[in-house]
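Q: no sequence on this one, just coordinates:
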């Protein structure tokens, strides 16, 4: 599931020096997309790095959780970075950028306010591309075990003996 | 002759499906010395195999063979090939069920008489009633170890229940408790007590919840009278020139077509697969399918009027901790047409893990309205609505043009809500929200029905042959040695979770079949 990887032997300074800021928290470089703090990065196999950066922003705009870092969104859409998905994905992101341009923006990532990006997405909500990306995120994002603690969800409990002695009835405010 | 049985043994009862109906019937017959071959499409999974993970478990247990859908129900848009969330495994959906075990109310056995004719509905009275069923319910409750029966205590209330109970009491509801559950509150029948683990829908890893997979099935097998063939996918039921059924063709685990001869055939594949099989078994003698002289096979599909209400609070609830279905409000289960609908509904706590909450809270939803709900997941409480829906002749199972992996036509499931269903759901959404508002909810969500778990009525029981498919014993009106043994025989759905009634009917049917066999009437 988590395909986000750290680029080897590259310092944060080197990494950032090789990329350009794109969107809210992303850096796009030659062959990679990274978080602004360089805490994570993912190497590109089949997609253009700019396409991945836009896709990550699109994923966040579809399911925005301010407490969830970009790396989880990157992991959720990393599956499109394969040859058999590249044409579909590049075409979809191109259409997204063109839709943004038709509204007077330089591109989707250049739109400053989430509400303006969401307007672009709403207008393409019924396309196969949008529905595919949104549908994939339902499991791609929310079924990442690393994401669950951010929401407080505790996951598997049998190995810990269930909650019989671990707070199944510990609610105090009711 | 002891199991395993020969393919040419024409003295066996062949049961198709091993869930609450077929699994119980198989054991009950085996205990009486009847030779039984049970054909199960799924594999065998036991508590050590169950997975505390929603999607992984779904992949392990759910029936994922193709089905198609039509009609105006939202499931058809959101999950077009997943009309139901039910199980393909030995023990059937008793691995997945929540455990709620409540009897029909007396008036629900006679819906047509008590509600009167409802326009657009195909209401009918059951040919049996509560007093006839009472002793069978007694046996079913003992078998399942139902809490609040036979001196068994209720389960303790978990966090989700405590919110629900407090809201219900503030609202003035009186019939509120932790339910009659086939989940052990103490050690019972060799199975341990509930450890409040959650994941009841994913198979109970403690075996604290009753499931045929690790009770009736192995007990039946231990008699030497029951052979369960796993991964046996039934293709059609065969008959002779006299119109009696003679055997069953199925694809075995290797995909080879086999034929098991039979003295009696009992269909218990659930309300989709059972009518599909009868329709797929059409012949020159029965061109509309087996047992279908009335034209009612596949019709009158009911799925219960359902929906959910989730509430968000200022403080954490952690609803996933503990029993998934942990309590019930029964005050709305009565028949009271002054509310604007006939029949009634139950409110029962429910929780989903984060992955399934994301999938089912508002399928297709996105953006901040959706994600702020999930941001509050830890502070969420949840309940499920289950009420009586109206049988409609146009709702049901027909053969689709699509084929499964064996080249057999799959079930198409068509469903439209009846106006009575809609009125009841809206009432329940409002009452459910009031329960949570009464204890300080900051936001509530009227969540649409999930893929169906209660699938009923597509081979319904009727007094007169022209009104249904089977008689008071679940026996085909047309073919004397063909029985239906699952929820598809339900004449109407009542407001209650159906498993206890399916089990009670199966125990009763076993008694009847064994008696008729020994009298040489079958």
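A: That came through fine. All values derive from a computational prediction rather than experimental measurement.

Q: so where do the helices sit in the chain?
A: As the question left the chain open, I've gone with chain A. Listed in chain order, the helices of chain A (DSSP state H) span A:12-17, A:49-62, A:70-77, A:83-102, A:114-123, A:128-140, A:148-151.

Q: that's the wrong chain, I meant chain B
A: For chain B, the helices defined by DSSP H occupy B:22-31, B:54-61, B:74-78, B:111-115, B:130-144, B:159-170, B:216-222, B:270-280, B:354-360, B:368-375, B:419-437, B:499-518.

Q: report the rounded mean pLDDT for the fourth one.
A: Per-region confidence: helix B:111-115 scores 98 on mean pLDDT.

Q: distance between that helix and the chain's centre?
A: On the basis of Cα atoms, centre = their mean, to the nearest Å, helix B:111-115 sits 23 Å off its chain's mean C-alpha point.

Q: do the same with stretch B:273-284
A: Stretch B:273-284 sits 21 Å away from the centroid of its parent chain (Cα atoms, centre = their mean).

Q: contacts for it next, please.
A: Defining contact as Cβ atoms under 8 Å, 6 or more residues apart in numbering or on different chains, one finds that stretch B:273-284 is touched by B:16-17, B:41, B:234-239, B:267-269, B:288-292, B:297-298, B:396-399, B:408-411, B:458-459, B:469, B:484, B:486, B:488. Glycine gets a C-beta too; all of them are placed from N, C-alpha and C.

Q: buried stuff in that stretch?
A: For stretch B:273-284, the neighbour count (16 or more other Cβ atoms under 10 Å in any protein chain shown) marks B:273, B:274, B:275, B:276, B:277, B:278, B:279, B:280, B:281 as buried.

Q: how about stretch B:95-113?
A: For stretch B:95-113, using 16+ other Cβ under 10 Å, the buried residues are B:95-105, B:107-112.

Q: same check on stretch B:124-143?
A: Residues of stretch B:124-143 classed as buried: B:124, B:125, B:126, B:127, B:128, B:130, B:133, B:136, B:137, B:140, B:141, B:143 (neighbour count, 16+ other Cβ under 10 Å).

Q: repeat for stretch B:241-251
A: For stretch B:241-251, the buried set under the neighbour-count rule, 16+ other Cβ under 10 Å, comprises B:244, B:245, B:246, B:247, B:248, B:250, B:251.

Q: cool, and stretch B:384-395?
A: Using 16+ other Cβ under 10 Å as the test for burial, stretch B:384-395 gives B:384, B:385, B:386, B:387, B:388, B:389, B:390, B:391, B:392, B:395.

Q: my guess is the fifth one meets residue B:492, correct?
A: To tie it back to what came earlier, the one meant is residue B:388. Yes: counting by Cβ atoms under 8 Å, residue B:388 does reach residue B:492; the two are 6.9 Å apart.

Q: what touches both of these two?
A: What both residue B:388 and residue B:492 touch, as defined by Cβ under 8 Å, 6+ apart, is the set B:108, B:111.

Q: chain B contacts on chain A?
A: Applying Cβ under 8 Å from any Cβ of the partner chain, one finds that chain A approaches chain B through A:62-65, A:67, A:118, A:134, A:138-139, A:141-143, A:147-148, A:151-159, A:161-164, A:166-171, A:173-174.

Q: list buried residues within these.
A: By neighbour count, with 16+ other Cβ under 10 Å, the residues of chain A next to chain B hold A:62-65, A:118, A:134, A:138, A:141-143, A:147-148, A:151-158, A:162-164, A:168-169, A:171, A:174 as buried.

Q: kindly tell me how buried residue B:315 is, as a neighbour count.
A: Residues near residue B:315, counting by other Cβ atoms under 10 Å in any protein chain shown, number 12.

Q: just give the closest residue to it, not the sequence neighbours.
A: Nearest non-adjacent residue to residue B:315, counting by Cβ to Cβ, 6 or more residues apart in numbering or on different chains: residue A:173, 4.4 Å away.

Q: show me the contacts for the one you found.
A: By Cβ under 8 Å, 6+ apart, residue A:173 lies in contact with B:313, B:314, B:315.

Q: which among these gets closest to residue B:72?
A: Comparing those against residue B:72 with Cβ to Cβ places residue B:313 closest, at 34.1 Å.

Q: where does chain B have low pLDDT?
A: In the predicted model, chain B carries pLDDT under 70 at residues B:1.

Q: what do you get for chain A?
A: Along chain A, the model assigns pLDDT under 70 to residues A:1-12, A:15-16, A:23-24.

Q: can you name the residues of the stretch 1-150 of chain B that neighbour chain A?
A: Residues of the stretch 1-150 of chain B lying close to chain A (Cβ under 8 Å from any Cβ) are B:52, B:53, B:55.

Q: residue B:173: which of the residues you listed is nearest?
A: residue B:52 (32.6 Å).

Q: name the nearest residue to the closest one, ignoring sequence neighbours.
A: Closest residue in space to residue B:52, ignoring its immediate chain neighbours: residue A:156 at 3.9 Å, by Cβ to Cβ, 6+ apart.

Q: contacting residues around the one you found?
A: B:52, B:53, B:199.

Q: next one: phi and psi at the last one?
A: The main-chain torsion angles of residue B:199 are listed as degrees, to the nearest 10 and equal phi 60, psi 30.

Q: nearest spatial neighbour of it, skipping sequence neighbours?
A: Residue nearest to residue B:199 in three dimensions, not counting chain neighbours: residue B:52, with 4.7 Å by Cβ to Cβ, 6+ apart.

Q: which residues touch that neighbour?
A: Here residue B:52 is in contact with A:155, A:156, A:157, A:158, A:159, B:197, B:198, B:199, B:202, B:205 (Cβ under 8 Å, 6+ apart).

Q: what about 6 Å?
A: By Cβ atoms under 6 Å, 6 or more residues apart in numbering or on different chains, the contact set of residue B:52 is A:156, A:158, B:199.

Q: which of those lies closest to residue A:53?
A: Proximity of the contacts of residue B:52 to residue A:53 (Cβ to Cβ) peaks at residue A:156, which lies at 33.9 Å.

Q: neighbours of residue B:360, how many?
A: Neighbours around residue B:360, by other Cβ under 10 Å: 19.

Q: pretty sure it contacts residue B:449?
A: No: taking contacts as Cβ atoms under 6 Å, residue B:360 lies outside contact range of residue B:449: 9.4 Å.

Q: taking the centroid of chain A, which residue is nearest it?
A: Residue closest to the mean C-alpha point of chain A, counted by Cα atoms, centre = their mean, is residue A:73 at 2.2 Å.

Q: what distance do you get for the residue lying closest to residue B:41 once chain neighbours are set aside to chain A?
A: Excluding its sequence neighbours, the residue lying closest to residue B:41 (Cβ to Cβ, 6+ apart) is residue B:233, at 4.8 Å. Noted for residue B:233: a distance of 28 Å to chain A, by Cβ to the nearest Cβ, to the nearest Å.

Q: report the beta-bridge partners for residue B:233.
A: For residue B:233, the beta-bridge partners are residue B:251 (DSSP bridges).

Q: can you get me a residue count around it?
A: For residue B:233, the neighbour count with other Cβ under 10 Å is 21.

Q: do the same with residue B:222
A: By other Cβ under 10 Å, the residues close to residue B:222 number 12.

Q: kindly provide the distance from it to chain A.
A: The gap separating residue B:222 from chain A is 27 Å, by Cβ to the nearest Cβ.

Q: cool, and residue B:264?
A: 40 Å.

Q: who are the contact partners of that residue?
A: Residue B:264 neighbours (Cβ under 6 Å, 6+ apart): B:13, B:481, B:522.

Q: could those residues go into TSV alongside neighbour count?
A: Formatted as TSV, these follow (neighbours: other Cβ atoms under 10 Å in any protein chain shown):
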residue	neighbour count
B:13	27
B:481	22
B:522	18
